[in-house]
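Asker: give me a model of this one.
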Amino acid sequence: MYGSTPQPSDSDRTAFRKAEKKYKLYKTTAPKSRRKQPSEVDLTEVYDFKSVLESFKQERKNPPGISELRCGLDRPVFCFEDRPGALSIEEQCHWVRESLTSFPQPSNRTNHNAIYGPIHDLFDAVQNKKVLVEVGSRIADTELGVHSSEGNLDACRWKFCEENVSIPKGDSCNSIAASVLLRKLRWSTLGLQFDWSKRNYDVSLPHNKIPDTLCHLAKKMAASAMPAGEEFQPEAAIVNYFGSGDMLGGHLDDMEADWSKPIVSISLGCKAIFLLGGKSREDTPVAMFLRSGDIVLMAGQARECFHGIPRIFTDEENAEVSPLASQFSSHEDLCFKEYIRTSRININIRQVH
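Answerer: Model prediction:
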């Protein structure tokens, strides 16, 4: 999902790939400076729903190709007419907290599971400046300052410990700071667990229930796009975590059994560019800004459209995250504030069956 791939020549690129290249973050060395700065990007063709909303409030009209969706909510909802078919600051804060504390908790799986196995209380370890240490049979749990009910001390395993833990001579030891692990967190899965290697939902894997409040929000957002007489049933959610320079390549969400059911996608943190294409990568995508608190409903024919995130804005001038970051004002909230100032979180909720 992340990382670099061999780059084709411009003539070989699909329309979607050309758009990704256009908006992707590139850095160049500024004149008379050794520091690399973001390259200038033409953003004039990016739809800005902040401006759409302001125009709607003042003049009760929308830009060409965009219409208001009547869905019984207490705020306007807009959709692209050719690709048919927000949260308060307090709600945003709540879901940022949940995304960093509860959602990565086992039995939910994350991208870290493949290397470290289940990691409990990652964010708590970050707040307490702990280190994850791989230990062998000669290091007792008590020497690490942790307590475990595991009886097999011969097997290597990973444990959080204080930064200044003393490792007995002759014992091999790998370690990584909890703060680094948090920055390398890329996804977590809620409800039915998605197997990235097999690209399917593995119903045999243990999992935590999707929180009732998140289910309620998803049902309310999805109601306007559901077939008559049916209610959206949230069964799985994927939480994506983005840092500076991260992107999500163009893709389809095609592993759910019934594409007539929408996907509810919530944005938190730094502003991003979202590309919504057509049914082929050759179709030129529409670019739009997504800000913290925005919700995208992928419904109807849009379920069959390629989409992706070529760029997030983490610099102070363009991230537009200050109103959210300022809510984390207490000393206990410092880690939340530091994280969200340069990161984006996306929660997307699906009905699998």
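Asker: now the element after the helix or strand bottoming out on mean pLDDT in the chain, going C-ward?
Answerer: When the helices and strands of the chain are scored by mean pLDDT, DSSP states H and E, helix 141-144 comes last with a mean of 48. Counting by DSSP states H and E, the element after helix 141-144 in chain order, helix or strand, is strand 157-161.
Asker: report the beta-bridge partners for I347.
Answerer: In this entry, I347 is beta-bridged to V239, I266, by DSSP bridges.
Asker: distance check, K271 against V321.
Answerer: For K271, the distance to V321 equals 7 Å [C-beta to C-beta, to the nearest Å]. For the C-beta atoms, the positions are set from N, CA and C on the backbone; glycine is no exception.
Asker: list residues touching both of those two?
Answerer: Contact with both K271 and V321 is made by residues S292, according to C-beta atoms under 8 Å, 6 or more residues apart in numbering.
Asker: just the helices from the stretch 151-300 of the chain, written as ranges.
Answerer: Along the stretch 151-300 of the chain, the segments classed as helices by DSSP state H, counting those that start in this stretch run 178-183, 212-222.
Asker: rewinding a little: more neighbours: K271 and V321, which one.
Answerer: V321 (24 against 21; other C-beta atoms under 10 Å).
Asker: tell me which residue lies nearest the centroid of the chain.
Answerer: N240 (2.4 Å; C-alpha atoms, centre = their mean).
Asker: so who does that one touch?
Answerer: Contacts of N240 (C-beta under 8 Å, 6+ apart): 186-187, 248, 345-346, 348.
Asker: repeat that with 7 Å
Answerer: Neighbouring residues of N240 by C-beta atoms under 7 Å, 6 or more residues apart in numbering: 187, 248, 346.
Asker: scan those residues and report the most crowded one.
Answerer: Neighbour max across these (other C-beta under 10 Å) = N346, 23 neighbours.
Asker: count the residues that sit near K61.
Answerer: 10.
Asker: report pLDDT for the residue lying closest to it once chain neighbours are set aside.
Answerer: Nearest non-adjacent residue to K61, counting by C-beta to C-beta, 6 or more residues apart in numbering: S55, 6.6 Å away. S55 carries a pLDDT value of 82.
Asker: same question, C173
Answerer: 66.
Asker: ok, now I349?
Answerer: pLDDT, the model's per-residue confidence, is 97 for I349.
Asker: run through who's touching the host helix or strand of it.
Answerer: Using DSSP H and E, I349 sits within strand 344-350. Contact with strand 344-350 is made by 95-96, 99, 214, 218, 234-242, 256, 263-270, 272, 312, as judged by C-beta under 7 Å, 6+ apart.
Asker: point out where this structure drops to low pLDDT.
Answerer: By pLDDT under 70, the low-scoring segments of the chain are 1-11, 31-32, 69-75, 79-86, 136-156, 165-173.
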